[in-house]
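1. Here is a sequence with its predicted model. Questions after.
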Amino acid sequence: MDHMEAVLNIKDLTVSFDGFKAVNNLNTSVKNQDIHFFIGPNGAGKTTLLDVICGRVKPFVGNILFEDQKDLTKLSEHEIVELGIGRKFQAPSVFTGITILENMELAVVKKRSLFASLFSKLTKEQTEYILHILQTIGLYEKRYETPISLSHGEKQWLEIGMLLAQQPKLMLLDEPVAGMGRKETEKTGALLKEIAKERSVVVVEHDMEFVRECASTVTVLHEGALLDQGKMEEVQNNPKVIEVYLGR
Ligand code: ADP
């Protein structure tokens, strides 16, 4: 797939909760290998959009085409994961009673039972891939420790690594730098750039400095609708965007 091709095409998307439009006639696309941020004030519809992409919420109207073929709005959450779309939630999902390496192994085998997973044998390629990811996320040296010893940022990177272990084509991240200090935020930005060399990344985020650091495309949502889209330098100077953020 080419860099400029759309991995996601969102068409006429409206999501309604008891008549209230959380997403309102949204049309946009996400390009392959983009780090595409969705920003906007609280209640703009960002999380709802991620919920629709991953199949958790079904829209009232509209479609989301993945790689110009599959309409995600017609698929179950499980089918969407199988297509290669992985989501990291804000809440932690690592197992603290096993090592970092074992957490990664679990993520690869994707077995439902923890016990069964720990005793399945990985192939040489799978093991090498895990070690490669551990290096990418900066946790290779700590692989025999349990996640309890990790900082908040390192735990987030482990979760990103666990998502990578499933080799998604599209990664959805919900406020990945929430609670991180500046240094950890910068490292996360560098990690996302590395990750996006081989896949697309969609991020919902509040930290504007982080958006500035690593966004290739920014979409501003307001009251469920698209307010502006482009490079961060462009959208941040749009008077309408400034007005929405300052609440004037
Ligand atoms: P954001 O992530 O941009 O803060 P959300 O997508 O969480 O915005 O919410 C958009 C709007 O939709 C909000 O007004 C929120 O209260 C409403 N909303 C979200 N989910 C539900 C739901 N399950 N039921 C009713 N209203 C909802």
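-> Happy to help now that I have it.
2. How about the secondary structure of the residue nearest to residue 238 when sequence neighbours are not counted?
-> Closest residue to residue 238 apart from its sequence neighbours, by CB to CB, 6 or more residues apart in numbering: residue 228 at 4.8 Å. The C-beta positions use only the backbone N, C-alpha and C, and glycine is treated the same way. With DSSP: H, G, I helix; E, B strand; the rest coil as the basis, residue 228 sits in strand.
3. From what I see, residue 228 and residue 236 are in contact.
-> No. Using CB atoms under 8 Å, residue 228 is not in contact with residue 236; the gap is 9.4 Å.
4. which bits of this structure sit near the ligand?
-> Listed as neighbours of the ligand in the chain under the rule CB under 6 Å from any ligand atom: 17, 22, 40, 42, 43, 44, 45, 46, 47, 48.
5. all helices of this structure, in order?
-> 46-53, 77-83, 100-109, 114-118, 124-136, 152-164, 182-195, 208-214, 232-235, 239-246 (DSSP state H).
6. Tabulate these (a markdown table), appending mean pLDDT and mean neighbour count.
-> Output for those, formatted as a markdown table (pLDDT from 0 to 100; neighbours: other CB atoms under 10 Å):
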| stretch | mean pLDDT | mean neighbour count |
| --- | --- | --- |
| helix 46-53 | 97 | 23 |
| helix 77-83 | 93 | 15 |
| helix 100-109 | 89 | 21 |
| helix 114-118 | 58 | 12 |
| helix 124-136 | 94 | 15 |
| helix 152-164 | 95 | 21 |
| helix 182-195 | 96 | 17 |
| helix 208-214 | 94 | 18 |
| helix 232-235 | 93 | 15 |
| helix 239-246 | 88 | 13 |
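7. Report the residue ranges of every domain in the chain.
-> Per automatic domain parsing, the structural domains of the chain span 1-84+169-181+199-248, 92-167.
8. In contact with residue 147, which residues?
-> Listed by CB atoms under 8 Å, 6 or more residues apart in numbering, the contact set of residue 147 reads 94, 95, 96, 100, 103, 155, 158.
9. try residue 193
-> Contact partners of residue 193, counting by CB under 8 Å, 6+ apart, are 35, 214.
10. ok, it to the ligand distance?
-> 24 Å (CB to the nearest ligand atom, to the nearest Å).
11. With residue 241 instead?
-> 14 Å.
12. pretty sure that residue is touching residue 227, no?
-> Yes. Here residue 241 reaches residue 227: they are 6.1 Å apart, a contact under CB under 8 Å.
13. And the residue nearest to residue 238, what's its pLDDT?
-> As predicted, residue 228 sits at a pLDDT of 96.
14. hmm, back to that, joint contacts of residue 241 and residue 227?
-> By CB under 8 Å, 6+ apart, the residues touching both residue 241 and residue 227 are residue 220.
15. give the contact list for residue 122.
-> Shown in contact with residue 122 (CB under 8 Å, 6+ apart): 105, 108, 109, 130.
16. Got the phi and psi for it?
-> phi -90, psi 150 (degrees, to the nearest 10).
17. what's the average pLDDT for stretch 15-29?
-> 97.
18. Residues in contact with it: which ones?
-> The contact list for stretch 15-29, computed with CB under 8 Å, 6+ apart, reads 6, 8-14, 45, 48-49, 52, 57, 59-62, 219, 221, 223-226, 229.
19. Kind regards, and thank you for your time.
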